[in-house]
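Peer 1: coords please:
(one chain, ligands or ions: 1)
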Amino acid sequence: MAELRFPDGFLWGTATASYQVEGAVREDGRGESIWDRFSHTPGKTFEGQTGDVACDHYHRYPEDVEHMARMGMNAYRFSVAWPRIFPEGKGPVNQKGLDFYRRLVDALQGRHIQPCLTLYHWDLPQALQEKGGWDNRDTGRYFAEYAHTLYQALGDRVPLWITLNEPWVAAILGHAFGQHAPGFGDFPLAMRVVHHLLLAHGWAVEAFRHDGPRRAQIGITLNLSPVEPATGKEADGQAADLADRFTNRLFLDPIFRGAYPELPDLMRSALPQATPEEMERISTPVDFLGVNYYTRQVVEADPQGLYGVGMVPARGDLTEMGWEVYPQGLYDLLIRVHREYHPQAVYVTENGAAFADEIQDGEVDDPRRIAYVREHLSRAHAAIGAGVPLKGYFYWSLMDNFEWAFGYSKRFGLLYVVPGSLERVWKRSARWYAQVAQANAVPL
Ligand SMILES: OC[C@@H]1[C@@H](O)[C@H](O)[C@@H](O)c2[nH]c(CCc3ccccc3)c[n+]21
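Peer 2: Residues are numbered from 1 along each chain as shown. Got it, this is the predicted structure:
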């Protein structure tokens, strides 16, 4: 039977994030995060839904690890909730919070599943937000101390470390568009946050190099998407180039080239004046780049748009998020990043889709998700063939979970989570993905 074989040792995993799956928001000394505050603020999330209980992963993680093992996963990407380790963001360590992640890592190792630990997936301790949050440079220092604490506690058992998940989203959706916590609509603030998040990343990598675990590797995860002009018109091409600078290159360039990309004056002037040593720190070499890919962006010149850029509404095969299913974009993106930024290694740290999954007689038949993953894996395979050092793929997400402002209304999981009981039910895509992982090959 025709199949696409992946390199030996390729990582097959799924991804989750602390606030989206754990629940137990007041348990064992956990402090409040900005997402607790935001989700409990009326009008911010779908039907006022919150992560208070989520998937109750905090208590059900043994069962969830068992599901991963039965799927034949050899890796699992999760994030640590900073407020479990430091309820006030800094100060004395909350041992019970650390113990949860020690138990989780133990359970994963017991099933030969490699942990991939994200230090920050948006759940900043609320106590730090009250001191300015990411607008305050001190937050980056506390982040490095938090990172150092985890390196010491888990370093010899966690091979892959990610400093930040999608700093663009944390900065722009959280501080310019107000759709994410902490919910500000202040563009100059958002650009200061861009720089402070990058400094935090640099301090955490420096701490890792200085006395982190020897054999482990550290990187950062960026949300990246190819930007294409709506037409061949010059103005549309310029709009696409600007959108690419503001979304993809805003982080790729500082991290891999030590300098921000050229930006329009208004945007540029909102960025703090970065000193050479700050750009040196930000571009401290990483061992890998994590790529979160979901779809492409199509843009056009639009005088009414932000900086004259208009997003062309996606058409054709759309997911429940309204995102175009565009597998070719994964290939194009991986090739571009490889050729222009030369990361030592690349992981697809997120790729997945929400569809209108329905459970019938205990079964969830999700052919569109199987097609989505098969098509994206075939492009990932082609990218490897073209020389991209792609080492692994993490499907977003292991299970249906709290999809930020959309609450539980969007289901990305391979496991269907039954409302109320929170029972996990394998979707057909879970069985399909299990075959891929066990064969280390995609059936065509
Ligand atoms: O939306 C699905 C997932 C989230 O559940 C993850 O927490 C987050 O890392 C993540 N990033 C993206 C792509 C960038 C994006 C984020 C938020 C909203 C729109 C696009 C999609 N996703």
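
Peer 1: any residue of the one helix or strand H381 maps to touching the ligand?
Peer 2: Per DSSP states H and E: H381 is located in helix 367-385. No: for helix 367-385, no contact with the ligand is found by C-beta under 6 Å from any ligand atom; the gap never falls below 13.0 Å. No exception for glycine: its C-beta is placed from N, CA and C like everyone else's.

Peer 1: for that helix, what does the pLDDT average out to?
Peer 2: Helix 367-385 shows a mean pLDDT of 98.

Peer 1: can the following helix or strand past that helix be found next to the ligand?
Peer 2: On the C-terminal side of helix 367-385, the closest following helix or strand by DSSP H and E is strand 390-396. Yes: using C-beta under 6 Å from any ligand atom, we find that strand 390-396 touches the ligand at W396.

Peer 1: so which elements touch strand 390-396?
Peer 2: strand 11-15, strand 75-79, strand 346-351, helix 367-385 (3 or more C-beta pairs under 8 Å, 6 or more residues apart in numbering; DSSP states H and E).

Peer 1: show me which residues of the stretch 1-150 of the chain sit near the ligand.
Peer 2: Going by C-beta under 6 Å from any ligand atom, the residues of the stretch 1-150 of the chain near the ligand are 17, 20.

Peer 1: which stretches of the stretch 1-150 of the chain have low pLDDT?
Peer 2: The stretch 1-150 of the chain contains no residues with pLDDT under 70.

Peer 1: could you list the buried residues of the helix holding H381?
Peer 2: 368-384 (16 or more other C-beta atoms under 10 Å).

Peer 1: let me have the helices and strands packed on strand 390-396 in a markdown table, extended by distance to R37.
Peer 2: Shown next, in a markdown table, are the helices and strands packed on strand 390-396 (distance: least, C-beta to C-beta, whole Å):
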| stretch | distance to R37 |
| --- | --- |
| strand 11-15 | 24 |
| strand 75-79 | 18 |
| strand 346-351 | 25 |
| helix 367-385 | 33 |
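
Peer 1: any idea which element M73 lies in?
Peer 2: Using DSSP H and E, M73 falls outside every helix and strand.

Peer 1: next, count neighbours for it.
Peer 2: 26 (other C-beta atoms under 10 Å).

Peer 1: residues contacting it?
Peer 2: By C-beta atoms under 8 Å, 6 or more residues apart in numbering, the residues touching M73 are 12-14, 113, 437.

Peer 1: okay, which residue is most central for this structure?
Peer 2: Nearest to the mean C-alpha position of the chain, by C-alpha atoms, centre = their mean, lies N165 at 4.3 Å.

Peer 1: skipping its backbone neighbours, what lies nearest that one in space?
Peer 2: H121 (4.2 Å; C-beta to C-beta, 6 or more residues apart in numbering).

Peer 1: go ahead and confirm the one you found touches S18.
Peer 2: Yes: with contact defined as C-beta atoms under 8 Å, H121 reaches S18; the gap is 6.2 Å.

Peer 1: confidence score at the residue in the stretch 101-250 of the chain that the ligand sits nearest to?
Peer 2: Here the residue of the stretch 101-250 of the chain nearest the ligand is N223; by C-beta to the nearest ligand atom that distance is 3.9 Å. Predicted confidence (pLDDT) for N223: 98.

Peer 1: follow-up on the earlier one: is the residue nearest to the centre of the chain in a bridge, and if so with what?
Peer 2: Beta bridges link N165 to T221, judged by DSSP bridges.

Peer 1: so which bits of the stretch 201-350 of the chain are right by the ligand?
Peer 2: Counting by C-beta under 6 Å from any ligand atom, the stretch 201-350 of the chain sits next to the ligand at 223, 292, 294, 350.

Peer 1: the second one - nearest residue in space that isn't next to it in sequence?
Peer 2: Closest residue in space to N292, ignoring its immediate chain neighbours: E350 at 3.8 Å, by C-beta to C-beta, 6+ apart.

Peer 1: report pLDDT for that neighbour.
Peer 2: Reported pLDDT for E350: 99.

Peer 1: ok, the closest residue to G178 other than its chain neighbours - contacts?
Peer 2: Nearest residue to G178 in three dimensions, chain neighbours excluded: G185, at 4.1 Å (C-beta to C-beta, 6+ apart). Residues counted as contacts of G185 (C-beta under 8 Å, 6+ apart) are 176-178.
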